[in-house]
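[1] what follows is a predicted structure for the sequence shown.
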There are 2 protein chains.
Amino acid sequence: MEISTIEIEKAATILKLLGDKTRLTMLKMLETHDYCVCEFVEIFKVSQPAISQHVRKLKDAGLVREMRRGQWIIYSMNKDSDVFPFVQSLIHHLPNQDFKLQELEAQGLRISCD
Amino acid sequence: MEISTIEIEKAATILKLLGDKTRLTMLKMLETHDYCVCEFVEIFKVSQPAISQHVRKLKDAGLVREMRRGQWIIYSMNKDSDVFPFVQSLIHHLPNQDFKLQELEAQGLRISCD
DNA sequence: TTAGCGCATAATGATTTACTTATATAATAT
DNA sequence: ATATTATATAAGTAAATCATTATGCGCTAA
């Protein structure tokens, strides 16, 4: 089976981006569900600007997409990114984070419907 | 097929470590051959202390091993690390770097014999 | 024993990072 | 229109990062 390779320089950039617990967890969460900023704020217990800055970095790297839904902005995995196979195989090694979603729902804080 | 998972926090630490072009390239090179510090110095065109600091980080994380051979210290991949499967699948996506070894040999600068 | 080589460590400095608070923008609800 | 909610951006700051130069230590060879 062939594996798609990625330039070392580009890979290092992606790895640096994901070498942050918050962003890495975000991306793992986005593997299975979409999230809005305010949900991330609830989950990660940091300020809203901090979350905005994290998702912006993910977006600038082309790893996620944003779409407005009313007053919310929903973030989702960009599966068309040329580095998606790399990222996917990476987060495949991480434990599922759906329990965070369930915590949100238990608190009645789940926004997006997908 | 089952895949071994790795804690998110530990994964983020590894990714931050490899989110550096020099260290990432080193690790890819060590996938197929052992190297000593002076060879890395030649290849990466940075100071010897800079290289020492990079390999030390890789060693502290348990990703590489060192062994003294005369006046040289040879670094090799630690395939017994509990995160080796994660690291391996990651560098598997990177292009082979053996051309660097061949450049060394062409210049008569290859040290370690493995 | 002394000189030279390979490597590690210490000290320092410039840059980057990840947060914070304050404020601006955009959509919603009254 | 005005207030509220969700998000983005700006500005500032402490800490981490990655390089450098200077120096110490261990092995080899004369």
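    Thanks, I have the structure now. Being a predicted model, the structure only gives us computed values, none of them experimental. Numbers count the residues shown, from 1 in each chain, chains lettered A, B, ... in the order given.

[2] get me the contact residues on chain A for DNA strand C.
    Taking C-beta under 7 Å from any atom of the strand as the contact definition, chain A meets DNA strand C at A:16, A:19-20, A:22, A:46-47, A:49-50, A:53-54, A:57, A:68, A:70-71. In this view, the C-beta of every residue, glycine as well, is placed from N, C-alpha and C.

[3] restrict the residues you listed to contacts with chain B.
    Among the residues of chain A next to DNA strand C, the ones lying near chain B by C-beta under 8 Å from any C-beta of the partner chain are A:16, A:19, A:20.

[4] now do the phi/psi pair for the closest residue in space to residue A:95 that isn't next to it in sequence.
    Nearest residue to residue A:95, sequence neighbours excluded (C-beta to C-beta, 6 or more residues apart in numbering or on different chains): residue B:5, at 4.9 Å. Dihedral pair for residue B:5: phi -90, psi 160, per degrees, to the nearest 10.

[5] next: residue A:76.
    phi -140, psi 160.

[6] just the strands in chain A please.
    Listed in chain order, the strands found in chain A under DSSP state E are A:35-36, A:64-69, A:72-77.

[7] comparing those strands, which comes out most buried?
    Comparing the strands of chain A by mean neighbour count (mean count of other C-beta atoms under 10 Å in any protein chain shown), strand A:35-36 ranks first with a mean of 24.

[8] return the residues of chain A in contact with DNA strand D.
    Contacts of chain A with DNA strand D, taken as C-beta under 7 Å from any atom of the strand, map to A:36-38, A:41, A:48-49, A:51-53, A:55-56, A:66, A:71-73, A:111.

[9] please flag which of those residues sit within helices.
    A:37, A:38, A:41, A:48, A:49, A:51, A:52, A:53, A:55, A:56 (DSSP state H).

[10] closest to residue A:77 out of those residues?
    Ranked by distance to residue A:77 (C-beta to C-beta), these are led by residue A:55 at 11.9 Å.

[11] mind listing what that closest one touches?
    Going by C-beta atoms under 8 Å, 6 or more residues apart in numbering or on different chains, residue A:55 touches A:26, A:37, A:40, A:64, A:66, A:75.

[12] would a markdown table of the residues you listed with pLDDT and distance to residue B:107 be doable?
    Formatted as a markdown table, those follow (pLDDT from 0 to 100; distance: C-beta to C-beta, whole Å):
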| residue | pLDDT | distance to residue B:107 |
| --- | --- | --- |
| A:26 | 98 | 45 |
| A:37 | 98 | 53 |
| A:40 | 98 | 51 |
| A:64 | 98 | 44 |
| A:66 | 97 | 50 |
| A:75 | 98 | 49 |
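
[13] residue A:83: which of the residues you listed is nearest?
    residue A:64 (12.0 Å).
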